[in-house]
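[1] sequence and computational prediction follow.
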Amino acid sequence: MSETTSVGVGVVGAGFLAETRARCYPRTGGVRGRIVAVVSRTRESARAFGERHGVDHVCQELDELLALPEVQLVDLCVPNHLHRPFAEAAARAGKHVVCTKPLTAYVGQDLPAEAPDEAVSATPRAQMLELAVADAQAMVDTAKEHGVQLMYGENWVYAPSIRRASELHLASGGVALEMRGWERHNGSHTPYSKLWRYTGGGALIRLAAHPIGAMLHLKRAEGLALDGEPVRPVAVSCEVADLSIAAARGSSTHVATGWKDVENWGSCVISFSDGTRGVALGSDNQLGGMESKLELLGSNFHLKCNLSPNDLLLSYAPEDGVFGDGYMMEKASTQAGWNTPIPSEDWSSGHLAMCEDFVTAVAADRPALSDGELGMEVTRVVYTAYLSAEEGRRVEL
């Protein structure tokens, strides 16, 4: 594999996540990710994306992109309900696949298209669990059948702080007895995030899925290192709620409101096969910007991972606008006061290293660190958590 090796990437979607990929792939080292094609829901958005990033092929249909021989890797930056059909189409075309989190979700795929929103979210959680995991398994199986990789876009696995913590964890020879992880901010303001039929859930699947994925990954590596067998999740206890409803009692609110049938807060306890525990939280009730953290309390260590915010750079401004339209960090609403303008969120969040691992895995013909199996296990844990919340009890996987 030479230093000039590149992997042709076809991006499906042209929104926020696709822009993140467009920043990261050209910056990968050793193996360069080169976006050679894009397709989106509208021709206009695809054309604009292509012009911004110098993409050779602006396609009108997914099949057109999949037919391009220069596309080796297809990166799906699309809504949850499109993950399975698009991933399977790419695999059948002989393309490696990157699928953003969650790998799959229950969005009413077993209901008529005209079914009302309420019918989707009213589906029993046991049925959701069965269908979401079946979709994930089908994606994994199709990739294997066609000899391509299905890679799971979980950036936390690649965050520098978590990668370094994993190295120290394994070097210690100790056991992570308790893990605590959370992602919190003041809420998504897109109406799509507020309906189950578009997201497959609320804060639990949108936010807590990140620490859940990291915990499953870390315990798997620990088990393999200590005993030669991965440590796996065996049970989940969960509660969910829309805490923003209570905001109406106050004089004002700066967190997102108007959630239709999804939670804006979710917390679950994961029991692992070695008797240890993980606590994962997703919340849309935090002001002051994004907070993404993971803590490991071990038998002979204590590790704290700060993805966001971090204090590589601190800023102070007496009022908003002092730094022009300068970006501070995700979900930060003002420049005023003390702030943490993270030098590179793509680096600190793991997105850059994730893209580098994916293109290197394709070029070197070796497995990616975050794969479809991890995505499937996250799906299983998340929907088992929803079942636990529905039934008010601990549920075994």
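    Structure's in. What do you need?

[2] domain map for this protein?
    Domain ranges of the chain: 6-154+353-367, 156-346+381-396, per automatic domain parsing.

[3] closest one to E373 among those?
    domain 6-154+353-367 (6.4 Å; Cβ to Cβ). Backbone N, C-alpha and C define where each C-beta goes, glycine included.

[4] kindly check the end-to-end length of the closest one for me.
    Distance across domain 6-154+353-367, first residue to last, is 17 Å (Cα to Cα, to the nearest Å).

[5] over to stretch 140-156?
    21 Å.

[6] buried set for it?
    Within stretch 140-156, the residues that count as buried by 16 or more other Cβ atoms under 10 Å are 140, 142-143, 146, 148-156.

[7] in the stretch 201-350 of the chain, mark out all the strands, start to finish.
    All strands of the stretch 201-350 of the chain, identified by DSSP state E, counting those that start in this stretch, fall at 233-241, 265-272, 277-283, 291-298, 302-308, 315-317, 337-339.

[8] can you list contacts of the fifth one?
    Contacts of strand 302-308 with the rest of the structure, by Cβ atoms under 8 Å, 6 or more residues apart in numbering, involve 156, 159, 161-162, 165, 168-169, 289-296, 329-330, 342, 345, 348-350.

[9] now, the buried residues of stretch 140-156 that are in strands?
    L150, M151, Y152, G153 (DSSP state E).

[10] can I get these in TSV including pLDDT and distance to A214?
    Listed next are these as TSV, based on pLDDT from 0 to 100; distance: Cβ to Cβ, whole Å:
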residue	pLDDT	distance to A214
L150	98	19
M151	98	16
Y152	98	12
G153	97	13
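
[11] from the residues you listed, which is closest to R52?
    Nearest to R52 among these: G153, at 21.0 Å, using Cβ to Cβ.

[12] need the max-distance pair from the ones in strands among the buried residues of stretch 140-156.
    Pairwise across those, and taking Cβ to Cβ, the largest span is found between L150 and G153, at 10.7 Å.

[13] got any residues that touch both of those two?
    Joint contacts of L150 and G153 (Cβ under 8 Å, 6+ apart) are C99.

[14] nearest residue to G187 other than its sequence neighbours?
    Distances taken as Cβ to Cβ, 6 or more residues apart in numbering put A256 closest to G187, at 2.7 Å, once the chain neighbours are dropped.

[15] wait, the one you found sits on L243?
    No. Using Cβ atoms under 8 Å as the test, A256 is too far from L243 to be in contact (11.1 Å).

[16] higher neighbour count, those two?
    A256 (19 against 15; other Cβ atoms under 10 Å).

[17] so who does the more buried one touch?
    Neighbours of A256 in contact, by Cβ under 8 Å, 6+ apart: N186, G187, S188, H189, S244, N264, D284.

[18] tell me which residues touch the fifth one, please.
    Okay, so that is S244. Counting by Cβ under 8 Å, 6+ apart, S244 touches G187, T253, V255, A256, T257, G258, W259, N264, D284, N285.

[19] give me the buried entries from these.
    Buried among the contacts of S244 (16+ other Cβ under 10 Å): G187, V255, A256, T257, W259, N264, D284, N285.

[20] and the nearest residue to Y316 once chain neighbours are set aside, what pLDDT?
    In space, and not counting its chain neighbours, Y316 is closest to W338: 5.3 Å by Cβ to Cβ, 6+ apart. Per-residue confidence (pLDDT) for W338: 88.

[21] that older thread, would CSV of the strands of the stretch 201-350 of the chain with distance to H210 and mean neighbour count be doable?
    Converted to CSV, those look like this (distance: least, Cβ to Cβ, whole Å; neighbours: other Cβ atoms under 10 Å):
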stretch, distance to H210, mean neighbour count
strand 233-241, 16, 20
strand 265-272, 12, 22
strand 277-283, 8, 23
strand 291-298, 7, 21
strand 302-308, 9, 18
strand 315-317, 26, 13
strand 337-339, 23, 14
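
[22] what does stretch 336-350 rub up against?
    Outside stretch 336-350, the residues that touch it by Cβ under 8 Å, 6+ apart are 20, 23-24, 27, 155-163, 289, 292, 307-320, 322-323, 326-330, 332, 351-353.
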